[in-house]
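Visitor: Mind looking at a prediction? Sequence and model below.
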Amino acid sequence: MNLARVYEVLGLLDDAADLYERVGRDRPDNAAVLVRLGIVRYGQSRLEDALEAFEAALRVDPRHLTAAVNGGLVASAVGRHDDAVRLLRGAVGAHPGDVAAWTGLADALRSSGAFDDAEAAARSACEVASDDAQAWLVRGQVAYDRGAFAQAEEAFRRAAQLAPERHEPPMNLGGLYHGLGRVDDALVHLTHAVVSAPQEPRAHVNLGMSLLLAGDSAAGFAELEWRLREPAMRGHYQRLDALPRWNGESLDGGRVLIALEQGIGDFLFLSRFVPLLRARGVTTALEIPPALAEMYHHAPGIDEVLIGRAGPERLASFAAHLPLCSLPYVLGAQAAPDPHAVPYLRADPKRIASFRARFAALGKRMTVGIVWAGDPAHALDRFRSCALAEFGALAGVEDVAWVSLQKGAREADVLTPPPGFEPFALGPELADYADTAAAIMALDLVIAVDTSVAHLAGALGAPIWTLHGFGKYWLWGVEGARTPWYPTMRLFRQTEPNRWADVFADVRAALGDALTRF
């Protein structure tokens, strides 16, 4: 045990884990060994193994506080939110005076979407230890999730007063101000966070996002490279450890693997940069999400596409790799908006014709596709998605045939539409994004929240009205109705966080103008 601790302190985590496992085999009833093993596995970014070790420790000692709290935190990190809540409820039940158990529970509850319960747990944390900075941080994060931004600001400032040396309070304040569009304030606090913790990846990433929003692309993309040092991303890219990273240098014809990361919306946006790599004298293979396989099968400027992530046998054929989101950083000034580069995706003409024939049956009306929700697993989905009921504000607009393009968890919402607004449910006929692309090109207009369909329509050069909820994404800027990245996109912004009524009032007025020209 002592030798393992020495290895742990020295950072020799593989050796430490081997010894802890050996001691654990000899002493399977020793919870302390299992807890140390879990901590080491976390340090190795082996999160599932870490959680297994903490759970094993709790089977030996159900009241072990460190095992329960750490187990809950790791369970949240791997997306097992129900397990996290279970473990941390056990911790506060056994140790009701422990502030770490309460803050962990509040954080797990907010990750699971139980915001009212999360608020109650965060309040309990502050009552248990009113001078604990972490309790006030979590209370601020819960308030942010609930849209109580003034309360969030107050809680983050309280945390900053209690722990001026920590980077988390200014980082959270910076994130809040970023979302509110107060870019200068965001940069002040996020810079402070980076100075306080120069090796903390999340602080750099948040600063990078605000730098991009401020228009400083070079510094912003450089800061975003720190995302690759986050534990989850390190685990994600371990498969590429044996493959050198490409940084724009000549490879004498060698092939570069563009490695998949982030969501489909980011992929659709960033894939525009892949053809630019040919000017660097390299050929590329682009890993793509399976749902986009048909869409990118003949995408111009891309030498090869790989469905999903390449296995070890394929990796050996590449000279280097580059994570997809690092393309703008490596390309530098080349990664600038180019209106002539759009459209950079194409839909299948035969599928377009098929959908046009379908829509002809809707009469001589403007055909408008709608999407009201993104992936519910997205960290900010509660701010970007809306209820289908919000589209009820468009009921009664004459000469419009509404078509639902919604897919995923909220697709069935179309079966219970708001009164007077009954879209044609096309979702069941859309097997993949190639189908959705063809449907978009057969429609007169698409109105969508900020999700992958908005990026798809923009990449196709189709008319798209994007409903932009709370938060500021650098692609859309702080204000204005246009983005240089997608010339055919028009932005409709919330004037007040979490309030969609004004957005749809603006959309209804714009539809009236569009119909006069239809």
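Guide: Nice, thanks for sending it over.
Visitor: Distance check, Glu153 against Gly140.
Guide: Going from Glu153 to Gly140 by Cβ to Cβ, to the nearest Å gives 8 Å. In short, each C-beta sits where N, CA and C put it, glycine included.
Visitor: Counting neighbours, go ahead and name the busier of these two.
Guide: Taking neighbours as other Cβ atoms under 10 Å, Glu153 and Gly140 compare with Gly140 leading, 27 against 18.
Visitor: And the helix-or-strand element of the chain with minimal mean pLDDT, what's buried?
Guide: Using mean pLDDT, DSSP states H and E, helix 231-236 stands out as the lowest-scoring helix or strand of the chain, at a mean of 74. Neighbour-count burial for helix 231-236 flags 233, 236 (criterion: 16 or more other Cβ atoms under 10 Å).
Visitor: Pull the CA coordinates from stretch 372-382 and hand them back as CSV.
Guide: Output in CSV follows, covering the C-alpha atoms of stretch 372-382 (Å, rounded to 0.1, in the frame of the first residue of the first chain):
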residue,chain,number,x,y,z
TRP,A,372,-38.2,22.5,-32.6
ALA,A,373,-35.7,20.3,-30.6
GLY,A,374,-32.2,19.1,-30.7
ASP,A,375,-30.5,16.2,-28.9
PRO,A,376,-31.7,16.2,-25.3
ALA,A,377,-28.3,15.0,-24.2
HIS,A,378,-26.7,18.2,-25.3
ALA,A,379,-25.4,20.3,-22.3
LEU,A,380,-27.3,23.4,-23.4
ASP,A,381,-30.4,21.8,-24.9
ARG,A,382,-32.7,23.4,-22.4
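Visitor: Quick check: buried residues in it?
Guide: 372-375, 378, 381-382.
Visitor: Show me which of those is closest to Ala454.
Guide: Gly374 (9.3 Å; Cβ to Cβ).
Visitor: who are the neighbours in contact with that closest one?
Guide: Taking Cβ atoms under 8 Å, 6 or more residues apart in numbering as the criterion, Gly374 is in contact with 265, 381, 384-385, 408, 449-452.
Visitor: Now restrict those to buried residues only.
Guide: 265, 381, 384-385, 449-452.
Visitor: which of the residues you listed has the weakest pLDDT?
Guide: Lowest-confidence member of the buried ones among the contacts of Gly374: Asp381, scoring 84 (pLDDT).
Visitor: pretty sure it contacts Trp372?
Guide: No - between Asp381 and Trp372 there is no contact under Cβ atoms under 8 Å: 11.6 Å.
Visitor: Mind giving me the packing neighbours of the least confident helix or strand of the chain?
Guide: Applying 3 or more Cβ pairs under 8 Å, 6 or more residues apart in numbering; DSSP states H and E, one finds that helix 231-236 contacts helix 47-60.
Visitor: thinking again about what came up before, mark which of the buried residues of stretch 372-382 are part of helices, please.
Guide: Here DSSP state H is the test, and the buried residues of stretch 372-382 give 381-382 as lying in helices.
Visitor: Please convert the buried residues of stretch 372-382 to TSV, extending it with distance to Glu398.
Guide: Below are the buried residues of stretch 372-382 laid out as TSV (distance: Cβ to Cβ, whole Å):
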residue	distance to Glu398
Trp372	22
Ala373	26
Gly374	30
Asp375	34
His378	35
Asp381	33
Arg382	33
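Visitor: Among the buried residues of stretch 372-382, which one lies nearest to Val74?
Guide: For the buried residues of stretch 372-382, the nearest to Val74 is His378 (21.2 Å; Cβ to Cβ).
Visitor: tell me the contacts of that closest one?
Guide: Here His378 is in contact with 263, 384 (Cβ under 8 Å, 6+ apart).
Visitor: Now for His81, how many residues are close by?
Guide: 18.
Visitor: Out of the contacts of Gly374, name the ones that lie in helices.
Guide: 265, 381, 384, 452.
Visitor: Could you pull up the mean pLDDT of the helix or strand that Val40 is a member of?
Guide: Per DSSP states H and E: Val40 is located in helix 31-43. The average pLDDT within helix 31-43 is 95.
Visitor: now swap in stretch 9-24 and tell me
Guide: 95.
Visitor: Go through it and flag the buried ones.
Guide: Quick answer for stretch 9-24 (16+ other Cβ under 10 Å): 13, 15-17, 19-21, 23-24.
Visitor: now do stretch 349-361
Guide: Using 16+ other Cβ under 10 Å as the test for burial, stretch 349-361 gives 351-352, 354-355, 358-359.
Visitor: who are the neighbours in contact with Arg493?
Guide: 468, 479, 503.
Visitor: before we move on, the earlier item: make CSV from the contacts of Gly374 and add distance to Ser250 to it.
Guide: Output for those, formatted as CSV (distance: Cβ to Cβ, whole Å):
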residue, distance to Ser250
Gly265, 32
Asp381, 42
Arg384, 41
Ser385, 45
Gly408, 43
Val449, 43
Asp450, 38
Thr451, 38
Ser452, 35
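Visitor: Quickly check the residues you listed for the two that are furthest apart.
Guide: Gly408 and Asp450 (14.8 Å).
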